[in-house]
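Trainee: Quick check, what structure comes out for this input:
(chains A, B and C)
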Amino acid sequence: MSREDSPQLSPSPPGSQIDYAGQLNEQQRAVVTSPPGTALVIAGAGSGKTRTLIYRVAFLLEQGIPPECILLLTFTNKAAAEMMRRVGDLLGGPAPGLWGGTFHSIGNRVLRRHADLLGYGRDFTILDRDDSHEMIRACREERKVETEIALPKTDVLGDIFSLVCNKDQSIAGLMGEQFDYLLEVSAEIAQLNERYQARKKAANAMDFDDLLALWAKLLSDHPEVREEYQRRFQFILVDEYQDTNKLQGRLIDLLAARHRNIMVVGDDSQSIYSWRGAHFQNIWKFPERYPGAAVYRIETNYRSTPEILEVANAAIAANTKQFAKHLAAARPSGMKPRLVVCRNSYEQADFVAQQAMYLRQQGVPLRKMAVLYRSHFHAVDLQLSLNRFGVPCDVTSGIGFFEQAHIKDVTAHLRFVVNPRDELAFNRTVLLLDGVGRKRADKLWRAFLVELTDDGPKTGEPTPVAATTLQKIARLVPKSAQAPWAQLTATIAQLEGAQTRKNAARMIQLVVRCGYEEYLQQTYANYRARMEEMEPLARFSEQFDTGEDFLAQATLQTNAEAAQRRGAGEHEDRIRLSTIHQAKGLEFDAVFIIMLCDGLFPSGRSIEDPMALEEERRLFYVAITRARDALYLTYPRSRGFGGRDPMFQERSRFLEEIPPQLLDNTAPPPWAGYS
DNA sequence: TTCCAGACGTTTTTT
DNA sequence: ACGTCTGGAA
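Mentor: As a prediction, the model looks like this:
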């Protein structure tokens, strides 16, 4: 690998407009101004990791590296947007051409340019979890006719397919490793997987995993494309490297093979995505894979008080697999974190609500407080309680804006127009009609495909091919659905109009007006609420030039965007309710960690498996280190189980691992007598 | 074949 | 309390 075309960097750029020395500590500055080459940055929680990355990018740009030669990979779209914005702030203007985003979104970007090399159209659809679930279900149904073998549930299959992809593994291998009880059906599962892969391709659709796998395939199978990107990306920066999986690791290696200027940044103690295939050996073994890589450590914590850090260190201490780190507190001493034992989850909820009110009275804005929990359903009682006390909150709920049924119904129409081979979009659209069920939809789809391939025009100039094909198969539609079918055909014809198809907002409007609104009225009691979300949907779509682009982003930008959109005013003062996973990378003045019961946190599924338990512990560590000044750990002694009798709850074993003297569990609470 | 109602089992985390 | 699945009626 030649490196003679790699650029040189000078440690202090002449005429720099950025005050590196004033804004960064010594450790951070060493990273920011490090020479080209491979670097591993182990950055502890609260050590200004994001800041360091931003300054690194700015530094490179100031050195004259063209923005399009830098690739910044982050874990969420939100993080990417935030970093791009802050880089722009530093440099006094945005840096157009700089590539930043999640692996999936960059994969999407690359594949939009070259998908035809892999036998896909560039207008391919992206399937979300729901869609891929639906497709696997269909494959499975098809299979059932032939054999009677008991297969696992559809979502287990989905998980298996996904893991196989992300871990770069074979079905049989994965079965042996973590699904030994399925070993005997593994051949069957492998076959089903092949069907699923083929079916996606036939539908010109990619699921999330394909965005990575096909991207990698593109680079491995097509030297000229590989060369192009290897040449282009002179500097590659990867955030949250501890959460990358094997496939992502391979992608980075592929992309960086020419210049070998990779900077990976992460904290192995915060690796919390192994259930999704994250392979924290990636960070653990990085120095072995890249001998000679510079290793930097950023170990000063600017976020939390020493009292909170001590609890964090104690919480993670029981883990065996980690880089030794010594986080030093930079801030002055504060309050001891408090342990609050409650009788039940209602009392716990009331405590949080009242304590939040108390803190607000003390001058802490609600938006600087957060309640964190292991799983979404841990927060239901809390929401009621906060409502009752009139404490406004923002829930980063489980279901994202774009995953809601009514949103997906509408976008299915657009998907169908953009990509008429999209089987799922067709199904979804057609199932909305009264008198059409699964069976009929399937029959119609097969007929549709025949007509479409028989005398459909060549791809290229968009033509109203979907509507005419719908027209052709109208004879297969039952009498009761003839009128709605004609209506649908007319709507699709309008959507396919040359002017309309370029304007997603207009398309949405059309779908809603041509029948979907009536459907909503008839179907949902909360018709109004759902209807009101059509406006934000249309507005969101306006920022994209093409329908493909809009649809892709709607699928890729899962819930972060939604929270913003639904909360209306982002600057309103609300307490944040979030899973720990979603709180990653954020910080708050006051943090409540609730439901610290054994079996909930750590979750029941993880307690037999030592590796899984270590991950839960890291999750706990992530939660603790979100807090700046105040930390409250709470659990209910008993818990109602659905409608059943309350059950006694064992406190989380993680609490046992914290020396009691680090926590304050004295009564009475500060808010006593306050209400 | 569709649609509805009631039973059932079930709950981790997300791009 | 929730959504998904199944079986039976239209």
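Trainee: Looking at chain A, which residue reaches furthest from the middle?
Mentor: Residue farthest from the centre of chain A, counting by C-alpha atoms, centre = their mean, is A:Lys479 at 44.1 Å.
Trainee: hang on, A:Leu551 packs against A:His413?
Mentor: No - counting by C-beta atoms under 8 Å, A:Leu551 stays clear of A:His413, with 10.8 Å between them. Where you see a C-beta, it was placed from the backbone N, CA and C, and this is true even at glycine.
Trainee: Need the nearest residue in space to A:Leu663, chain neighbours excluded.
Mentor: Leaving aside its chain neighbours, A:Leu663 sits nearest to A:Leu339 (4.4 Å; criterion: C-beta to C-beta, 6 or more residues apart in numbering).
Trainee: Can you measure across stretch A:64-74, start residue to end residue?
Mentor: Terminal residues of stretch A:64-74 are spaced 23 Å apart (C-alpha to C-alpha, to the nearest Å).
Trainee: In that stretch, which residues are buried?
Mentor: The neighbour-count check on stretch A:64-74 (16 or more other C-beta atoms under 10 Å) flags A:65, A:67, A:69-74 as buried.
Trainee: Can you flag which of those belong to strands?
Mentor: With DSSP state E as the criterion, strands contain A:70-74 from among these.
Trainee: which residue sits closest to A:Arg112, ignoring its sequence neighbours?
Mentor: Spatial nearest neighbour of A:Arg112, chain neighbours left out: A:Arg122 (5.6 Å); criterion: C-beta to C-beta, 6+ apart.
Trainee: Name the SS class of that neighbour, please.
Mentor: Three-state call for A:Arg122 (DSSP: H, G, I helix; E, B strand; the rest coil): coil.
Trainee: picking up where we left off before, quick one: contacts of the helix or strand the residue nearest to A:Leu663 falls within?
Mentor: Taking DSSP states H and E as the criterion, A:Leu339 maps to strand A:338-342. By C-beta atoms under 8 Å, 6 or more residues apart in numbering, the residues outside strand A:338-342 that reach it are A:348, A:351, A:631-637, A:651, A:655, A:663-665, A:669.
Trainee: what do you get for stretch A:18-30?
Mentor: By C-beta under 8 Å, 6+ apart, the residues outside stretch A:18-30 that reach it are A:12, A:32-33, A:48, A:51-52, A:55, A:58-59, A:62, A:90-91, A:296-300.
Trainee: A:Gly515 - how many residues pack around it?
Mentor: 17 (other C-beta atoms under 10 Å).
Trainee: Nearest spatial neighbour of it, chain-adjacent residues omitted?
Mentor: A:Gln487 (5.6 Å).
Trainee: about what we covered before: what average pLDDT does the strand holding A:Leu339 get?
Mentor: Mean per-residue pLDDT for strand A:338-342: 90.
Trainee: Which helix or strand lies directly C-terminal to it?
Mentor: Criterion used, DSSP H and E; the element after strand A:338-342 is helix A:345-361.
Trainee: ok, the nearest residue to A:Glu307 once chain neighbours are set aside - how many residues close by?
Mentor: Leaving aside its sequence neighbours, A:Glu307 sits nearest to A:Lys336 (C-beta to C-beta, 6+ apart; 5.0 Å). Other residues lying near A:Lys336 total 19 when counted by other C-beta under 10 Å.
Trainee: so what's the closest residue to DNA strand B within the stretch 201-350 of chain A up against?
Mentor: In the stretch 201-350 of chain A, the residue that lies nearest DNA strand B is A:Trp275 (3.6 Å; C-beta to the nearest atom of the strand). With contact set as C-beta under 8 Å, 6+ apart, A:Trp275 has these partners: A:Glu615.
Trainee: again, only this time at 10 Å
Mentor: Shown in contact with A:Trp275 (C-beta atoms under 10 Å, 6 or more residues apart in numbering): A:159, A:163, A:605-606, A:612, A:615.
Trainee: And the helices in the stretch 551-675 of chain A, which stretches?
Mentor: Remark: helices assigned in the stretch 551-675 of chain A by DSSP state H, counting those that start in this stretch are A:559-566, A:580-583, A:610-624, A:653-656.
Trainee: My understanding was that A:Arg428 contacts A:Asp422; is that so?
Mentor: Yes - at 9.3 Å, A:Arg428 counts as touching A:Asp422 under the criterion of C-beta atoms under 10 Å.
Trainee: Can you name the residues of the stretch 151-300 of chain A that neighbour DNA strand B?
Mentor: Contacts of the stretch 151-300 of chain A with DNA strand B, taken as C-beta under 7 Å from any atom of the strand, map to A:208, A:272, A:275-276.
Trainee: cool, and the stretch 1-150 of chain A?
Mentor: A:75-77, A:102-105, A:128-129.
Trainee: Distance-wise, check the residue farthest from the centre of chain A relative to A:Asp159.
Mentor: Applying C-beta to C-beta, to the nearest Å, the value for A:Lys479 to A:Asp159 is 42 Å.
Trainee: so what's A:Val57 up against?
Mentor: A:32, A:65, A:67, A:70, A:72, A:83-84, A:86-87, A:90-91, A:95, A:98, A:100, A:235, A:237, A:263.
Trainee: Among the residues you listed, which lie within strands?
Mentor: Counting by DSSP E, the contacts of A:Val57 place A:70, A:72, A:100, A:235, A:237, A:263 in strands.
Trainee: hang on, A:Tyr120 packs against A:Leu214?
Mentor: Yes - using C-beta under 10 Å, A:Tyr120 is in contact with A:Leu214, at 7.7 Å.
Trainee: who touches both of these two?
Mentor: Residues touching both A:Tyr120 and A:Leu214 (C-beta under 10 Å, 6+ apart): A:111, A:114, A:201, A:206.
Trainee: Now render these as CSV, adding pLDDT.
Mentor: What follows is the shared contacts of A:Tyr120 and A:Leu214, written out as CSV (pLDDT from 0 to 100):
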residue, pLDDT
A:Leu111, 96
A:His114, 96
A:Lys201, 94
A:Met206, 95
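Trainee: From A:Val430, how far off is whatever residue of chain A ends up closest to DNA strand B?
Mentor: Relative to DNA strand B, the nearest point of chain A is A:Gly437 (2.4 Å; C-beta to the nearest atom of the strand). Distance, A:Gly437 to A:Val430, using C-beta to C-beta: 10 Å.
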